[in-house]
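In: Would you be able to build a 3D model of this:
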Amino acid sequence: MITNEMLKTRQMLSLEQKINMSKKRIKQWLNKFGVNGCYISFSGGKDSTVLKHLVEQCIKEDFRFRGDIPSVFINTGLEFPEIVEFVRTQENVIEIKPKMPFNEVIKKYGYPVISKEQSQFLSEIQNTKSEKLMDIRLNGNKYGRGKVSDKWKFLIDAPFKISHKCCDVMKKNPAKYYEKETGRKPFLGTMVQESQLRRQKYIKNGCNAFDVKRPNSAPLSFWTENDIWEYIRKYNISYSKIYDMGYNRTGCMFCMYGCHLAKEENNFQRMQKTHPKQYNYCINKLGCGKVLDYINIPYENKQLELF
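Out: Here you go, the predicted model:
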């Protein structure tokens, strides 16, 4: 069990100290499962790019580990074209795809809005027949948790379906199929600063979650975004040019999670400038525009309106 104080201390370490600690965790994982029993979950983003470099360095440095470790890229069809282009320049990458495209996911389950937690709660309210679950999602459990935020309760009566299933169908399920077919265990490039859920998992399991249903190693857990960029500069690692176009995060292009938190232009407003074809498909063909309108989140770029 990791304490909050231990996590704070580790986040304050120098980059060199973090590299050494992460390498120890990586080698522990490789020692347990072997190179042939592991893979790198590779999204093409900056975090997984650093992870890939770090894991491959460990294999080169340690005579106990021999062979090439595959990097698995799940091409959901929602990635920025710059991400796909970058991924296909990297070595030892396996590309897999989900069984269901995004337009069918939102038609069957609903749109991903606000956050994964809130969209799950909203989906359960829209679909459950359980009065007990309905009460929890509306009013919270005995600790006041597990409910739809008061701010978003108006979405219960939204004229469209809401769901958290998108990530499961398009990312988690393909990874699970790959792991079942190969028996390989993943290295993940996740960090605790990205969400409370990831923080909780790290506190409980540390970097290497050996004794969970889906064993996984997240050796960058205690790193920060600044560490990632410092590592990239230090080792002169190539990365996707999407980051030089104003994007800080490079997940699915059409994901609406967190776009209400943008202080200036959000990803949809930026996408209208940088990727107008994908923007038009998302806003008009997939219907994300009507969803964002309902939530009162802007998606048109004000600078473009001036011309």
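
In: So Cys167 sits against Pro112, correct?
Out: Yes - assessed by Cβ atoms under 8 Å, Cys167 is found in contact with Pro112 at 7.5 Å. C-beta here means a position set from N, CA and C on the backbone, and glycine is covered the same way.

In: which one of the two has more residues nearby?
Out: Between Cys167 and Pro112, Pro112 has the larger neighbour count (other Cβ atoms under 10 Å), namely 27 against 18.

In: quick check, Ile40 in a helix?
Out: No - Ile40 is assigned strand when assessed by DSSP: H, G, I helix; E, B strand; the rest coil, not a helix.

In: how many neighbours does the closest residue in space to it that isn't next to it in sequence have?
Out: The shortest distance from Ile40 to any non-neighbouring residue, by Cβ to Cβ, 6 or more residues apart in numbering, is to Ser71 (4.3 Å). If you count neighbours by other Cβ under 10 Å, Ser71 ends up with 25.

In: What does Ser71 show for phi and psi?
Out: Main-chain dihedrals, Ser71, degrees, to the nearest 10: phi -100, psi 130.

In: Do I have it right that it meets His53?
Out: No - assessed by Cβ under 8 Å, Ser71 is found out of contact with His53, at 10.5 Å.

In: helix or strand for the residue nearest the centre of the chain, which one?
Out: For the chain, Gly251 is the residue whose C-alpha lies nearest the centre (Cα atoms, centre = their mean; 6.3 Å). For Gly251, there is no enclosing helix or strand under DSSP states H and E.

In: Equivalent analysis for Lys290, please.
Out: Per DSSP H and E: Lys290 is located in helix 288-295.

In: what does that helix contact?
Out: Residues outside helix 288-295 that contact it (Cβ atoms under 8 Å, 6 or more residues apart in numbering) are 111, 113-114, 155, 158-160, 254, 256, 259-260, 268, 282-283, 298-299.

In: Enumerate every residue touching the residue nearest to Tyr299 when sequence neighbours are not counted.
Out: Spatial nearest neighbour of Tyr299, chain neighbours left out: Phe268 (3.9 Å); criterion: Cβ to Cβ, 6+ apart. Counting by Cβ under 8 Å, 6+ apart, Phe268 touches 259, 279, 282-283, 288, 292, 299.

In: residues near the closest residue to Cys259 other than its chain neighbours, how many?
Out: Once flanking residues are discounted, Cys259 sits nearest to Asn266: 4.4 Å by Cβ to Cβ, 6+ apart. Taking other Cβ under 10 Å as the neighbour definition, Asn266 ends up with a count of 19.

In: Could you tell me how far Asn266 is located from Tyr247?
Out: 11 Å (Cβ to Cβ, to the nearest Å).

In: Identify the contacts common to these two.
Out: With Cβ under 8 Å, 6+ apart, Asn266 and Tyr247 have no common neighbours.

In: confidence score at the closest residue to Leu122 other than its chain neighbours?
Out: Residue nearest to Leu122 in three dimensions, not counting chain neighbours: Ile162, with 4.4 Å by Cβ to Cβ, 6+ apart. pLDDT recorded at Ile162 is 96.

In: mind listing what Ile83 touches?
Out: 43-45, 240, 242, 250.

In: Now it: closest residue in space that isn't a chain neighbour?
Out: Nearest to Ile83 is Gly44, by Cβ to Cβ, 6+ apart, at 4.1 Å.

In: Look up how far Gly183 lies from the residue lying closest to Ile69 once chain neighbours are set aside.
Out: In this structure, Ile69 finds its nearest non-sequential neighbour in Val35, 5.3 Å apart by Cβ to Cβ, 6+ apart. Using Cβ to Cβ, Val35 is found at 13 Å from Gly183.
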